[in-house]
Every structure is written in C-alpha cells, then in structure tokens.
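sequence first, then the predicted structure:
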Amino acid sequence: MIASGEWMSHKVHGKQFRAAFAQRLMPRSAQAIYEYLASGTIRGIGPATASLLVDRFGEKTLDVLENDPARLTQIRGISSPKAEKISASFRKQTGMRRLMEFICSFGLRPILAMQLYKHYGDDALELIRENPYLLAATHIGGSFAEADHLAMEMGLDGTSKNRIHAAILFELRHNTGNGHCFIPRGKLAAATAELIQVEEEDVDQGIADLIGNGGIRYEEIAGCHACYLPELYEAELNAARRLTRMSQGRFENHVDVEMLISLLEEQQGIRFAQLQKQTIRLAVEHQILVLTGGPGTGKTTAIRAILEAFDRLGVKTLLAAPTGRAAKRITELSGREAQTVHRLLGARFAEDGEHVVFAKNEQDRLNCEAVILDECSMVDIQLMDSLLRALPTDARLVLVGDADQLPSVGPGNVFSALIRSGVVPTVRLTEIFRQKEGSRIVRNAHMINRGQHPDLSENAGDFFRLQRLQAAGSVETITELCAVRLPDKMKIPAAEIQVLTPTKKGELGTVHLNLCLQAALNPPAKEKKEKAFGEVIFREGDRVMQIRNNYDILWTNATNTGSGMGIYNGDIGRILRVEPETESLTVDFEGRIATYGFDSLLELEHAWAMTVHKAQGSEFRAVILALNGSISSLMTRDVLYTAVTRAKELLILVGDDAVAYRMIDNVKQSKRYAALRMRLQALSEA
C-alpha cells in the first residue's frame, strides 16, 4: 500500500495520518498472491481454492483470473459458470482499483470512482477519459468544478467548444434544481462566462451552436429570449396544450347534481359548505378541476365526496400523490388505495441508467376515466407532462393541493401557474371547519399565511415554543425532547417524532442534528453492526431516508409474500441489518424490505432530522422545528408555513421568536423562469 497525505494532531487520539490518496499494489510473488486470494477478498475463492490456483498458475494467477477465466476450470471444483463469476469479481476489484487510482491521482473524491464504476463498469475509465464532464452528471454526483478540473488537468483547451458547450448545458441542468424551466439567453451567457472564465461573446457563440444542433431549444416569450433544455421545452409545451384542451372540456352527465350532492351529504352524515358543493359540481361537470386550500379547510372531505360522486356516475378513478408518504396519507384519509405518480406510470430507468422512462404514455394509456392527484404543489413540469401523456384523452383530472406551500423541488411552478392563469376551473377553500378550530397548529398556520404574528409565548394545546437564543442550546433541547421528554412525558415514541429545519448546514442543519440524534437515539453497541461510508456511519436501528428515486431496486414485503420495484425520494425507513460479508445493508421502509449494496449508500441519509423541503407531502404525529437563522433564501414565510402544516398532533418550535417573525415578514420568493401560465393564457385566447 502506498499512501500520501499529511500528519495531523487530534485532540483526543493524538498524532494521526490523514490520507489524501492511497494506492494498493497488487501482489507479485506466488506466496503474496496466495495470501491475497486466501484472505477472501475475491468472492468464490477461499484458502483451499487459492492454494490450488497458485499451485497451477504461480505468478501468472492474477493474469489468468483477469484475462483467461476459461483456464480456471482446470481446477477441481470450478465449473465454467463459477469461473466466470470469480473472474468478474476479480475484474470488478481491479477495474475499480484502476479507476480509483485515476480519479484520486487528480485529487478528486474517491466516491466519484465508485459511482462511475457502478453505472459504467469496466468501461468507466475509458468513458471518463473521453469525456471528463461525465463526472458532473446527476447520477454520478460530481460538481462541474471537479469535472472541469479533470478536463484541464488532462490538457483540454480552456476555450475549446467542448468545454464551453459542456458549461452551458451544465448551467441549464443545474438551474432546473433551482426551479427554472429556462434561462434567459443573456443571463445564461453571463453565468457561463463567469463559471469558466471565458469571454461572454464566446459563450454566446456556443449557445448559438447548441441552438443550431438542437442541444438547446430557443423561443422568445413575452420579450424574454428563453433557452431551454429540449426535454423541458417539450414538457412545458405539451402540458400547456393538453391542459388548455382539458379546461375547455365539459360533460353531459344526465344527472341532477343538486340531488347527487344531497345523497352524498346523507351518505357521509355531514352538510357540505358552499365551496365544497361548488367543488363537487365542477368536478362532475368539467374535465379538469384545481382544488386548493390550507389546513383544516376540508380538502379531504371534498376528495371523498368527489370519489363517491364519480362512483355513482360509474367513473373509474385512480388516486395518486407525488411521494410514498403522501400516497399513504391520502389512502388512510380517503379509504381508497393511492399510489405514487411514478408507480402509477410505471417509472423505470432507461438503459443508460440516467434517464427515467414511463411504461404508461401515449401508446399505453392508464386504464381509468379519472385521476385525483393530491399534494399537487410538489409536482414539477416534467412529471405533470408525463401524467398528462398517460391520461386517456377524455379522462377527468382533479388536482388538489395547498398553493401557499413551497413549490416543487423540480422545474416549474405548475400548481401556482394553473391557478394564476385563470384558465383552469379552480376552487379555493377558505373556511376553517368547527372541528379544527381548537387546533393552534391550524390557527397559527393560517395566521402565518396571512402575514400575521401569532403569540408564540402562548404554550398550550398542540403548539408550543421553547425560546433558545443560541444554536447550541437548541440542539441540546431538541435532542432531549426526542430522547426523553416526549417519549416519557407525552408517550410519543421517538419513531413518531420528526425534527425539521430549513437547512442542511450549520449547527441546526440536518447533518449536525442527525449526528447528535443518532448518538442519543441509536448509540453504538456490540450487538449493532455498522458501516462507515465517508464521514457517515450507518448503524443497525438507524432511521434513514431515500434521497433520490430508484425505480430498479427490488423490495419484498415484511411477510415475504409480495414484492415490487422502486423506492422513492423521501421514503423513510429503518436499517434492519448491516452485512459486511455481502457488502450490503437492509432497510425496512414501513413494510417494504429493500437491500442496498455498500456502493449505493449515496442514496440514503439519516432522517431523524430533515429539511422542510424534504418533508413536503408528509404529516407527522409530532414535529420539532429548529429555528435559529439560516441563509435568507430559506428563511421565508412559505418555508415556515410548510413546516408548521406538517404537524398532525403536536408542534414544538425551538429557537428564536425573532427568527420566526422575520420569516413571516419575508414573502420574497425566488423568481422561477417558466412559461406555463403565459402559454395557458395564450392558447386559451387563440
């Protein structure tokens, strides 16, 4: 082993060597090769087989393993299939080693080599040499700076077209994460020029090249010179056309709607408010309906009524939501099975392992006559377009959500655009119903949404504030609440408590809070196996969350009587087993048992604490909200409102009142470059 790095002094452990790069040298002598193979490092080879291999092939054993596996069948007990498996295991290790050496020799993170090898196998090294900007692809996880560093070190010209084109497309892709469907051409040129330190004129020429070859779609919209990634342009355009047609669709149901509403009231034993009655009328008569409203305003009651009305009309209806937790919640509230949109559409990765494709589309549409989609504020333009493509042309669509919550993480602001366009039939529920009036969570949420300051010192009912002016004090209080006070005094188990925070970074960010909560709620023990992954330790019993959609992962149910594919972004589970022998860990996602190879652990993070954005679409029995300040873009009214409305029975705000009040006063939202609203209005007037 050759390692390079630096000596450092640790305050507890004393003098230590911090390795920046390590290279494992392969053994050369027959004895060294035997010791290497006998250690069990190659799956399928133990001490006895290692001895037979070295006796037969000597110093050429490793070369035979890598390049001539057919000769392994000369060894007693090794069949042709086993020989191929042994060789594949060895090639994986050597291929990974060479790739790791290449990546680390440029000072880049070793985890990038693992991701490259996971997706491209033995071809990874050749591919990254051909196109170093592959590092910045979403599924690899590198930054553009890392990819650009590699490209420059490999001798790529700083003003080459390949570099400029890669930087332009990176800027467009990167900004989809900020919610943008397009970037104005001038801003795109300026941002890219600053990113790679070239002249803006050269970047503008690069934009022109990409427009010419179809790498960018360009359109002038309301005086804005919009540059789109092709897939986002098509999604926005198609969604606008389909939604406009649906907004003009009406049904002759040959039914007395008022009589139907009376029957529904009798069946459900309630009296609908006027806006709820209007919701039912519009759902029955129109092809598309948008329903919005805050907590306690009766959205769930309206959904149940629409479902029953569609049943009476003989309309086959599917229920969906953007996340697994949101789908489970609407299933519990409505009494009907709901699915994630991705599962409904049959999402899977394409053969390239990068892009998502859906089994349901224009060629194979959904078998239904209506879809009710809950938590629609979370749906981005591409997912909405995919749903619309799979929807039968005459099917109904009911879109339900809270327009005042945070917009989707992905590009566009679809739900808000539909409402603001004035094109789609819309009902906004405003009445807070009597059974909810006693809830301070509901009352304070509506005050926050109106820009009013609730009295945070009024600790009563289901809404409490614990004033802590310093972040360290907040961390200590949050940890004590989760580990002792709520479980002991209020009989709320730690598994039903969710800590929320606006940010990942800092003392009150998810990273630090999860470290503290892991130490308090699931400390190390002899009987608990664990796996160190970078700076994170995954331990049996840990609460974890899937942080990206994985359509290919197989799960079985807890009773091992059923199975399925796909674990989705935001799904929360608990680590059941860590198995170093098979380099895997097993997670129970509320009854769905999935196994992860150690090379897939980038898809998981601890989940005792999560960001408010990650909590969208979920409700928790008890929520502890950490507030001691963060970057201004995260300290906004909609972040606070979304956090408060995640709590079902109890909300505890830990932090500084002044921070909460500043958030209420901060209604500034980052501008999103998207044109769905304008397209809807233009098409409806055409």
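That came through fine. Numbering: from 1, shown residues only.

output the contacting helices and strands for the biggest helix by length in the chain.
Assignment by DSSP state H gives helix 80-105 as the longest helix of the chain. Helices and strands in packing contact with helix 80-105 are listed as strand 14-23, helix 61-67, helix 110-120, helix 124-130; criterion 3 or more Cβ pairs under 8 Å, 6 or more residues apart in numbering; DSSP states H and E. From N, CA and C alone the C-beta is placed, and that goes for glycine too.

which one of those is the most hemmed in?
Of all the helices and strands packed on helix 80-105, helix 110-120 has the most neighbours on average by mean count of other Cβ atoms under 10 Å, namely a mean of 20.

just the CA coordinates for that one, please, in CSV.
Extracted in CSV, the C-alpha atoms of helix 110-120 (Å, rounded to 0.1, in the frame of the first residue of the first chain):
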residue,chain,number,x,y,z
PRO,A,110,-12.9,8.5,-4.4
ILE,A,111,-16.7,8.3,-4.2
LEU,A,112,-16.9,9.5,-7.7
ALA,A,113,-15.0,6.5,-8.9
MET,A,114,-17.4,4.2,-7.1
GLN,A,115,-20.4,5.9,-8.8
LEU,A,116,-18.7,5.8,-12.2
TYR,A,117,-18.0,2.1,-11.8
LYS,A,118,-21.5,1.4,-10.5
HIS,A,119,-23.0,2.9,-13.7
TYR,A,120,-20.4,2.0,-16.4
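
how far is that helix from where the chain is centred?
Remark: helix 110-120 is offset 20 Å from the chain centroid, using Cα atoms, centre = their mean, to the nearest Å.

quick one: contacts of that helix?
92, 95-96, 99-100, 102-104, 124, 127-128, 134-135, 139-142, 146, 353-354, 534, 599-600, 602 (Cβ atoms under 8 Å, 6 or more residues apart in numbering).

just to revisit the earlier point, got a markdown table for the helices and strands packed on helix 80-105, with mean pLDDT and distance to Gly186 too?
Converted to a markdown table, the helices and strands packed on helix 80-105 look like this (pLDDT from 0 to 100; distance: least, Cβ to Cβ, whole Å):
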| stretch | mean pLDDT | distance to Gly186 |
| --- | --- | --- |
| strand 14-23 | 55 | 41 |
| helix 61-67 | 80 | 53 |
| helix 110-120 | 82 | 33 |
| helix 124-130 | 87 | 32 |
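
out of the ones you listed, which is closest to Met610?
helix 110-120 (21.7 Å; Cβ to Cβ).

relative to helix 80-105, how tilted is the closest one?
On the basis of axes from the mean of the first three to the mean of the last three Cα atoms, to 10 degrees, helix 110-120 is oriented at 140 degrees to helix 80-105.

any buried residues in the longest helix of the chain, and which?
The neighbour-count check on helix 80-105 (16 or more other Cβ atoms under 10 Å) flags 82-83, 85-91, 93, 95-97, 99-100, 102-104 as buried.

closest to Ser39 out of the helices and strands packed on helix 80-105?
Ranking the helices and strands packed on helix 80-105 by proximity to Ser39 (Cβ to Cβ) places helix 61-67 first, at 13.7 Å.

using the three-state scheme, assign the closest residue to Ser670 other than its chain neighbours.
Nearest residue to Ser670 in three dimensions, chain neighbours excluded: Ser633, at 6.4 Å (Cβ to Cβ, 6 or more residues apart in numbering). With DSSP: H, G, I helix; E, B strand; the rest coil as the basis, Ser633 sits in helix.

how near is Ser633 to Pro425?
Counting by Cβ to Cβ, to the nearest Å, the gap from Ser633 to Pro425 is 34 Å.

looking at these two, which is more packed in?
Pro425 (20 against 14; other Cβ atoms under 10 Å).

please, where are all the strands along the stretch 451-600 of the chain?
For the stretch 451-600 of the chain, applying DSSP state E, counting those that start in this stretch gives strands covering 463-467, 497-501, 530-533, 536-539, 543-546, 550-557, 563-567, 572-579, 584-589, 592-597.

rewinding a little: report pLDDT for the residue nearest to Ser670.
Ser633 carries a pLDDT value of 73.

wait, it touches Gln669, no?
No - with contact taken as Cβ atoms under 8 Å, Ser633 and Gln669 are classed as non-touching, separated by 9.4 Å.

tell me the secondary structure for Glu605?
Going by three-state DSSP: Glu605 is strand.

for it, which residues are in contact?
Per Cβ under 8 Å, 6+ apart, neighbours of Glu605: 510, 514, 536, 544-545, 547.

among those, which one lies nearest to Asn557?
Val544 (18.7 Å).

now do the contacts for that closest one.
If you count contacts by Cβ under 8 Å, 6+ apart, Val544 has them with 538, 572-575, 587, 604-607.

please report which of those has the highest neighbour count.
Among the contacts of Val544, Val587 has more neighbours than the rest - 26 neighbours, counting by other Cβ under 10 Å.

distance of it from Gly617?
To Gly617, Val587 is 20 Å away according to Cβ to Cβ.

also Gln546?
From Gln546 to Gly617 the distance is 14 Å (Cβ to Cβ).

once you drop chain neighbours, what's closest to Val511?
Nearest to Val511 is Lys504, by Cβ to Cβ, 6+ apart, at 5.8 Å.

cool, Ile216 as well?
Ile216 sits nearest to Leu210 (Cβ to Cβ, 6+ apart), 4.2 Å away.

what residues are up against Glu649?
Neighbouring residues of Glu649 by Cβ under 8 Å, 6+ apart: 462, 492, 621-622.

whichever of those residues end up buried, select them in PyMOL.
Applying 16+ other Cβ under 10 Å to the contacts of Glu649 leaves a buried subset, and the PyMOL line that selects it is:
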select buried, resi 462+492+622
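
in helices, which of the contacts of Glu649 appear?
Using DSSP H, no member of those falls in helices.

could you identify the most distant pair in the contacts of Glu649?
Using Cβ to Cβ, the contacts of Glu649 reach their maximum pairwise distance at Asp462 and Ile492, which is 11.8 Å.

shared neighbours of these two, which are they?
Between them, Asp462 and Ile492 share these contacting residues under Cβ under 8 Å, 6+ apart: 649-650.

ok, what's across the strand from His606?
Val544 (DSSP bridges).

check Leu318 too.
With DSSP bridges as the rule, Leu318 is bridged to Val371.

spit out the contact partners of it.
Contacts of Leu318 (Cβ under 8 Å, 6+ apart): 339, 344, 366, 368, 370-372.

distance between the ends of stretch 244-251?
16 Å (Cα to Cα, to the nearest Å).

that older thread, can you redo the strands of the stretch 451-600 of the chain as JSON lines with mean pLDDT?
JSON lines is the format used below for the strands of the stretch 451-600 of the chain (pLDDT from 0 to 100):
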{"stretch": "strand 463-467", "mean pLDDT": "94"}
{"stretch": "strand 497-501", "mean pLDDT": "97"}
{"stretch": "strand 530-533", "mean pLDDT": "91"}
{"stretch": "strand 536-539", "mean pLDDT": "95"}
{"stretch": "strand 543-546", "mean pLDDT": "96"}
{"stretch": "strand 550-557", "mean pLDDT": "88"}
{"stretch": "strand 563-567", "mean pLDDT": "87"}
{"stretch": "strand 572-579", "mean pLDDT": "95"}
{"stretch": "strand 584-589", "mean pLDDT": "94"}
{"stretch": "strand 592-597", "mean pLDDT": "93"}
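
check those strands for me and report the most buried one.
strand 497-501 (a mean of 26).

what is it packed up against?
Counting by 3+ Cβ pairs under 8 Å, 6+ apart, strand 497-501 packs on helix 510-521, strand 609-611, helix 612-615, strand 620-627.

out of the ones you listed, flag the one nearest Leu399.
Nearest to Leu399, of all these, is helix 612-615, at 20.5 Å by Cβ to Cβ.

what residues does the closest one touch?
406, 409, 498, 500-502, 545, 547, 570, 639, 642-643, 646.

which one of these is nearest to Ser262?
Nearest to Ser262, judged by Cβ to Cβ, of the contacts of helix 612-615 is Arg646 at 35.9 Å.

what number of residues lie near the closest one?
Arg646 sits with 22 neighbouring residues when counted by other Cβ under 10 Å.
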